[in-house]
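J.: Coordinates only, no sequence provided:
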C-alpha cells in the first residue's frame, strides 16, 4: 500500500452555503465580517478568501445543480452537524466580532467564553442557520496574509 501522499494537494477550493435570501445573506457577510463580494448575480455571491472561494447560493438553485430536491429539508445545517470557523487576532476581538454578526442579521448561539481546551470562542448563526465559531487560540496563529496554522503548544 502506497502511503506517500506528498503529491496530493490538501485544501478546499470552494465552500458554498445554501441560502434563502440573497440580500439578507450579503448583509450578514459584508457588514458582519466585512467581506467584499468578488462576483455577484441575482442568486449567488462569491467572496475571495485566503486560499479558497466562499459562496452563498439560493438553496433552490443549489438543489437543481446537485439534483437533490428538497435539499434544505434533508440536510439541515440547523442540526449543528458542522460549524464553520473564523479566527481572530486576539481574545478581545471575539465578542465584538460576534456583536457585528448579530447586528448584521445573525443570531447569537453562544456568547464568548473560554473552553476547557484553551483559547476563547463564541458562536453565531447566519440568517439561514449556518453556525460560525468565532475564535482566538494562541496555538492557531494567523499570518500577515490571513492564513491560520495549527501549532501544538
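T.: Everything's here; your move. If you're wondering where the values come from, they're calculated on a predicted model, not measured in any experiment. Residues are numbered from 1 along each chain as shown.
J.: what about the helices in this structure?
T.: Using DSSP state H, the helices of the chain run over 22-27, 59-66, 71-74, 94-103.
J.: can you redo these as TSV with distance to residue 150 and mean neighbour count?
T.: C-beta coordinates here come from the backbone N, C-alpha and C atoms, glycine included. Below are the helices of the chain laid out as TSV (distance: least, C-beta to C-beta, whole Å; neighbours: other C-beta atoms under 10 Å):
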stretch	distance to residue 150	mean neighbour count
helix 22-27	29	16
helix 59-66	30	15
helix 71-74	31	13
helix 94-103	18	19
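J.: any idea which of those helices scores lowest on pLDDT?
T.: Mean pLDDT is lowest for helix 71-74 among the helices of the chain, at a mean of 63.
J.: Please pull out the lowest mean pLDDT helix or strand from the protein.
T.: The helix or strand of the chain with the lowest confidence, counting by mean pLDDT, DSSP states H and E, is helix 71-74 at a mean of 63.
J.: what residue is smack in the middle of the chain?
T.: residue 84 (4.0 Å; C-alpha atoms, centre = their mean).
J.: What's opposite the closest residue to that residue other than its chain neighbours in the beta bridge?
T.: Counting by C-beta to C-beta, 6 or more residues apart in numbering, residue 132 is the residue found nearest to residue 84 once chain neighbours are left out, at 5.2 Å. Judged by DSSP bridges, the bridge partners of residue 132 are residue 84, residue 124.
J.: just checking, residue 132 touches residue 110?
T.: No - using C-beta atoms under 8 Å, residue 132 makes no contact with residue 110, being 10.8 Å away.
J.: the strands in the protein, which residues?
T.: When secondary structure is read from DSSP state E, the chain shows strands at 14-19, 37-40, 44-48, 53-58, 84-87, 107-113, 120-125, 131-136.
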